[in-house]
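Novice: I'll drop the sequence and a predicted model, then ask my questions.
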Amino acid sequence: MSAIGIDLGTTNSCVACVEGGNPEVIVNAEGERTTPSVVAFTKDGERLVGTVAQRQTAMNPARTISSVKRQMGTDWRKDIDGKSYSPQEISAMILRKLRRDAERFQGQDVKDAVITVPAYFNDMQRNATKDAGTIAGLNVLRIINEPTAAALAYGLDHGDPQMVMVYDLGGGTFDVSIIEIGDGVIEVLSTAGNNHLGGDDFDERLAKHLIDAFQRTSGIDIAHDAMARERILEAAEAAKRELSSAESTVVSLPYLAQGPAGPVHLEQTVTRAEFDRLTHDLVDSTTDAVNQALNDAGIAASELGAVLLVGGSTRIPAVQEHVQRLTGKRPSSSINPDECVAQGAAIQAATLAGARSGCTDLMPRGGELLLLDVIPISFAIETVGGVATRVIERNTTLPVHYEQIFTTAAPFQTKVEINVMQGERPMAADNKTIGKFTLKGIKRAPAGTPQINVSFDIDANGILTVRAQDLGTGNEQSITITDSERMTDSEIQDAIRDAERYEEEDNARRASMEERNDAERLVAEAQEKLKAHGKEMEKDDKRRLKASVANVQRYLAKRPEKMKDAERANFSNAITELKSLL
């Protein structure tokens, strides 16, 4: 069983594996190297994932979900047909499709995977991603940062020790990392970024421009027309891609709206200069993160050996020019920005799976590989006065262990609540709470007397666990982690069962579709035979064939989901009979 690497992207996802010591991107069932991160629910109850879901977005916007990665680690929910779906469950549907594509490609079951996340994802977002992998039936070997994975893919063919900057601007997130590549070691020195900046924002800017232009020329406001707006967004994304290689493009959308005189069409020329003007501030907003990453790493841009561009949005010429101005270096074009993250994840997956099984053949080029990643955001604890007291600083190398002694603030307390946050602000209210730990069963004593040692462990995935021990008795105290945005174990198990049940239904639906296609082909073949050779056939043979064709057609006229088990069995028998007569 081969391990896979997955780049779970905001707009597109990619899966890869190591073949013959080299990372290979897995082509999906549709023949594409990347899969749109889109999930749709048809009115017939069918779930669509990837390209087929993306194609019907404009006609089914209310039941189509895209860019769910931006909601990971939040309490966002989507209600469809009386069921509420979390970001983890929607992401799991995408991961399950990628897993199926990998199994089809490799011809065997796939369980082990390394999944990438933006370097600036916090603890809850990382946990949510890991939960999504579990729901998809994957054993998540590791969660690694996208820039680290990209550097890993780059480092295989550029093994000379050097310092690189990875500038990762994807569909929904932005990261920049400074990474040192040595002999078998990939060490992240610093990272910075913005989890709500990416290609989606560029699309929105251009879409708004097109909507405003359409209103000026036609007098019709389509901003709140879901179907028309979705068509505009799709056209904006296509135009953005075209403007990466052309100086201008024409956006043409016939029958976009209905006016007093009839259908109204959109025909708008967009130049690259116009697009750059609309999105200039988005490009410029990446400057602070670049400077922060360089400062935190303690190096100047001139010390960089290479600048790597990752993510589809880095194909925008204005982005490339901006990065060159900031660093003084022409960005490297040696890696594919859409595929390198999945390839790097596959290398790490092969290394981990090989080390675990003792099989060095799974390791890339038979070599050892060490990844040293960092914490992207500082951990802090709320103390008296609402102050955020830092306990672990950002850019601390993983894994990390930290201990601190806590005590009571009031006499005879039997429990203490500790608010743990991630953020860089001095006050607790301005940071993100990731968990509240309630230490129970403390012996009644004057304030400041109990000594409770609380340890913080952050693993290689960047995921935090906390334990507490009463130093006076040596007994461990219970800790309750309350976080409304995390899925409970029971919720994860329910989601796994739901995903498995859907997969069974999906397989049955696929088998039914194949059976119907087979039946239609046999009917066409029988009708052609009757037309060409009917006069030569024996009367009884001709009658039986006609009757068999009619019998199959009778079942074909019924909707598959309306058929009962007995009818399905009879339909299969009718197909078998028709096949025997041919």
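Specialist: Happy to help now that I have it. As the structure is a prediction and not an experimental result, all values here were calculated from the model. Residues are numbered from 1 along each chain as shown.
Novice: Contacts only, for Phe406.
Specialist: 416, 418, 439, 452-454, 468 (C-beta atoms under 8 Å, 6 or more residues apart in numbering). For glycine as for every other residue, the C-beta is placed from the backbone atoms N, C-alpha and C.
Novice: What is the neighbour count of Tyr502?
Specialist: Counted with other C-beta atoms under 10 Å, the neighbours of Tyr502 add up to 16.
Novice: got it, and Asp565?
Specialist: 7.
Novice: Quick check: pLDDT value at it.
Specialist: What the model reports as pLDDT for Asp565 is 75.
Novice: same thing with His533?
Specialist: 84.
Novice: Likewise for the one 4 residues further on?
Specialist: Looking at Met537, its pLDDT stands at 84.
Novice: Any idea how many residues pack against Ala346?
Specialist: Counted by other C-beta under 10 Å, the residues lying close to Ala346 total 34.
Novice: where's the helix or strand it falls within relative to the chain centroid, distance-wise?
Specialist: Under the criterion of DSSP states H and E, Ala346 resides in helix 340-357. Relative to its parent chain, helix 340-357 has a centroid offset of 18 Å by C-alpha atoms, centre = their mean, to the nearest Å.
Novice: mind listing what's buried in that helix?
Specialist: Residues 340-354 are the ones in helix 340-357 that count as buried (16 or more other C-beta atoms under 10 Å).
Novice: list the helices and strands it packs on?
Specialist: Helices and strands touching helix 340-357, by 3 or more C-beta pairs under 8 Å, 6 or more residues apart in numbering; DSSP states H and E, are strand 4-7, strand 12-19, strand 22-25, strand 112-117, strand 139-145, helix 146-157, strand 306-310.
Novice: For this structure, give the helix that spans the most residues.
Specialist: helix 489-533 (DSSP state H).
Novice: how about the very next helix or strand once past that helix: buried residues?
Specialist: Later in the chain than helix 489-533, the nearest helix or strand by DSSP H and E is helix 539-556. By 16+ other C-beta under 10 Å, the buried positions in helix 539-556 come out as 542, 544-545, 548-549, 551-553, 555.
Novice: From the contact counts, what lies against helix 539-556?
Specialist: Looks like helix 539-556 contacts helix 489-533, helix 565-581 (3+ C-beta pairs under 8 Å, 6+ apart).
Novice: any idea which of those helices scores lowest on pLDDT?
Specialist: If these are sorted by mean pLDDT, helix 489-533 sits at the bottom with a mean of 78.
Novice: gap between it and the chain center?
Specialist: Computed by C-alpha atoms, centre = their mean, the chain-centroid distance of helix 489-533 equals 28 Å.
Novice: Packing partners of it?
Specialist: Other helices and strands packing on helix 489-533, by 3+ C-beta pairs under 8 Å, 6+ apart, are helix 87-106, helix 123-135, helix 539-556, helix 565-581.
Novice: How many residues are close by Asn122?
Specialist: 24.
Novice: Run through the bridge partners of Glu403.
Specialist: With DSSP bridges applied, the residues forming beta bridges to Glu403 are Ser455.
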